[in-house]
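Participant: structure here, sequence nowhere to be found:
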């Protein structure tokens, strides 16, 4: 039987925990503005615990994902057990547990999209990007996920790119989308120089 | 109080009673996992569904509360079908671990299947696999596949200890209880989660693979870890103690006990004193009794030469008998009790700083002395130490012991204290005899014999009676426990009314 | 025949702005409501027969009436903008194109029930809808329609937009409340009901976006005018989200009682490629499926659809043509419920996984004839036995698919693969 080892992934081959979060490797420090937002959030709800989801969103907006260090930060601020925050992150699908690409391609494979070719869209994206579901391209540009109904069925089959809906998509549409996204990323990098 | 009908059986229950409790009062079992009187209602297992007269849809019994005239049925075909259906869902992904699972024999899933299931499995798909045999803390082991997700452990850690270590993570049939590696289940009451876990998901590291539950006999006992006197079950087999479990007593420990208290069972097995020692040599019981009698006789004669050192680890009966012995047989020698043991941690739940079970009994019998060192400082001819591990609590006190020309120990375990004695005779711990302790609130609670006396061990009262015979005082002693209680009830105002009936299984409040 | 009670502003330029909303008489209903006794507002809504448009269809006025007048703890309004029922996208349209009608409905409802704190629970996936409702709320505060002393009445109301993070179960009333409180969205056992003990321990009303969006029109034009649309038992209009194999998918507002075939073949232009309507799910994937024939005979109101063995639900209609494999469609549905089950109670936690695995196995060719009766048996044990109705929502489609398309399932099992030639898609 595996003895209890703190923070040692190697000690239990079945995995340390049922839902793995990656480590950022550094403490998360909030800016003055972010602190102000946290303080404001506490005024919007009668309990501190209610701010758990909004603060996790704030961290994800800041870093792009929710690292293990975020769990402790949120637990301390909201005065709830660390395990509680961990349970929350594991329950919801949208808190990214590892760094994610610049463009998160979320492909709906629920009913309306499925009967209108979502599996082909998914397959096409897999081949074009050379990654599997849950993966990120090497250049850090694209991540690919399968998601549930996005409430955009009139545009089926639909893909959500970060916050924006794109559909209906076919192979041509996918190619145009990827080109557009690569282009705008390149222009942003140019502008940044 | 509202009257409700359980399968047409009328029963009167207090307002607010749920139907599981009401049925129990009527002698009817409604199978359930998630409800626990100490943890409240959760309504997730769905096993307790019953039918209510006049309500088409079956309801969960745990969330249905008594009101006048409520009629419920627990034995209809529909209820039986639902139970089988729920059990089938529980067993779908449950591993067939019975042959290697510690819970076997006291597992609610097994019990409910045998009583309410008895269907053929229809599963022909792979089961969901989760982590097995993971230590989630120093004392508790998790097997996530066995877990029925009743959430009792989560509610215990959130609401009883307030420590919140255990959490359900993920969702759907990937749900799993866990702790975070940096926040293990390490509170002082962690092993209660093992008791309340209805299956073998949470098990005790200490008890793991040690004994099959059907070999265990249980005795109703009292924990000796501190002055709370948590009511416990002592589980043993063939003279070996295997574990202690809490016994419900709403006036003392409700449903819980602390982890340290559970571990006190080890002293019942390890380093026991079983055979008398005279001059360090194992001897026959008769010889040792004669030797003790001789020493006491020769050391006596003048007052102050013999000190009888009692202990807050002794039962009320042992204290009473020893006090009487000192007075009547040892010519009025002083009998004092005290302790040099480091106090423990006290908390808001159960633990008391006083690390002994019967300080209060010593108070009541007027033998307690606050400053034991001062009391023993002047030394004397002979120290008769009964169940007081003074030199183990404080090694420096060996010096005090040496101020006596001779030390005789009546002890349960061999240790540094007995090592310094010229004569040692075994006496029975609370697991091997009947008796009472008085807890810090003045509650007189009975412990019952669970195992045969080891070796030549006798109760303190019995042993002193034999010594008295050897000292030409055959009139000293009591025939049985009832007789000594009768005498104590009459002689000691605080113990007035003391009897098996008044003490029962839940204890009796000492008269103030 | 489309009507424009809920959708009246959809096509206006910049329809989501306060300027556009006020230009067509927006917030006149709020002014009227501020002059009414709060009890009278609830009475008007009761009289109108408005029912919850999220899926449950519970009479709205009655729900408001359950909140005790005097409560020890503060009362709350939770707006359910967690729209996640597959096939449903009407709330998205309302949030994107007319968020102010929702804000106005929120204020009127809060005034009626005596609520001073409202939360709009927006599903985490909503990007544009979230930005639009946030913008509308900010405009409303600036104009004095929210905040302290609204329109000089002394009534105050604070609105907070609260984002979900990806969980269908947070569309269940008490799942939503749990998520709002900062926990996992696991529904609560009832009783107690939210109207008595809801968010943060206080009496709480949870209403769907479309439900509240209907309130301003009802207050402004009166309950009787509202009852002029729809049927006796299902008064008013409903937004139907139509998707799948229709020529013109989209959101359509029709009076309740409208014939299903007129919606599909009239407003939505019929089936693409001239194909046949093989099946129709009228109210979101949780409701029992109708065969094409049954659908042609159905009217779109609560009672008619119930009589037809299905439900109006959220009005999320998925139209399925005859190129579709029903086994694969059911597998898609059951994968969804197994993924979204919160895992709290046993029949749902285990049953959804079991159904998914069984149907997927049939789909991939490993099914046996015994599987069909097994599915029926499992679904029977999942209906009416759980804390919330996600279990029922997973069971009803499975039972209805297997019942109505049993032959196809049997052929699929017998052949060890899909017997239908799947035609080209989009």
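Facilitator: Yep, it's here. As the structure is a computational prediction, the values presented were derived from the model and not from experiment. Numbering: from 1, shown residues only, chains lettered A, B, ... in the order given.
Participant: buried residues, stretch B:422-441. List them.
Facilitator: By neighbour count, with 16 or more other C-beta atoms under 10 Å in any protein chain shown as the criterion, the buried positions of stretch B:422-441 are B:422-440. C-beta coordinates here come from the backbone N, C-alpha and C atoms, glycine included.
Participant: can you tell me the distance between the two ends of that stretch?
Facilitator: Start to finish, the residues bounding stretch B:422-441 are 38 Å apart (C-alpha to C-alpha, to the nearest Å).
Participant: quick check: closest non-adjacent residue to the residue most central in space within chain A.
Facilitator: Geometric centre of chain A, nearest residue: residue A:96, 3.2 Å, by C-alpha atoms, centre = their mean. Nearest non-adjacent residue to residue A:96, counting by C-beta to C-beta, 6 or more residues apart in numbering or on different chains: residue A:65, 3.8 Å away.
Participant: what about that neighbour, how many residues close to it?
Facilitator: Neighbours of residue A:65 under the rule other C-beta atoms under 10 Å in any protein chain shown: 17.
Participant: separation between it and chain C?
Facilitator: Counting by C-beta to the nearest C-beta, to the nearest Å, the separation of residue A:65 from chain C is 13 Å.
Participant: correct me, but the residue nearest to the centre of chain A touches residue A:70?
Facilitator: No. The criterion here is C-beta atoms under 8 Å, and residue A:96 misses it with residue A:70 at 10.8 Å.
Participant: in the stretch 301-426 of chain C, where is pLDDT below threshold?
Facilitator: C:421-426 (pLDDT under 70).
Participant: oh, I was asking about the stretch 1-150 of chain B
Facilitator: Checking the stretch 1-150 of chain B against pLDDT under 70 turns up nothing.
Participant: how about the residues of it near chain A?
Facilitator: For the stretch 1-150 of chain B, the contact set with chain A under C-beta under 8 Å from any C-beta of the partner chain comprises B:130-138, B:141, B:144.
Participant: by neighbour count, which of these wins?
Facilitator: That'd be residue B:136 among the residues of the stretch 1-150 of chain B next to chain A, by other C-beta under 10 Å, with 27 neighbours.
Participant: residue contacts, that one?
Facilitator: The contact partners of residue B:136, by C-beta atoms under 8 Å, 6 or more residues apart in numbering or on different chains, come to A:4, B:142, B:165-166, B:178-179, B:184-185, B:202.
Participant: can you give me phi and psi for it?
Facilitator: Torsion angles at residue B:136 (phi, psi; degrees, to the nearest 10) stand at phi -100, psi 0.
Participant: re the thing from before, tell me the least confident of the contacts of residue B:136?
Facilitator: The member of these with the lowest pLDDT is residue A:4, at 48.
Participant: that older thread, so which of the buried residues of stretch B:422-441 belong to strands?
Facilitator: B:423-426, B:435-438 (DSSP state E).
Participant: would you reformat those as a markdown table and include pLDDT?
Facilitator: Shown next, in a markdown table, are these (pLDDT from 0 to 100):
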| residue | pLDDT |
| --- | --- |
| B:423 | 98 |
| B:424 | 98 |
| B:425 | 98 |
| B:426 | 98 |
| B:435 | 98 |
| B:436 | 98 |
| B:437 | 98 |
| B:438 | 98 |
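Participant: can you name the two of the residues of the stretch 1-150 of chain B next to chain A that sit furthest apart?
Facilitator: Spatial extent of the residues of the stretch 1-150 of chain B next to chain A (C-beta to C-beta) is set by the pair B:130 and B:138 at 21.7 Å.
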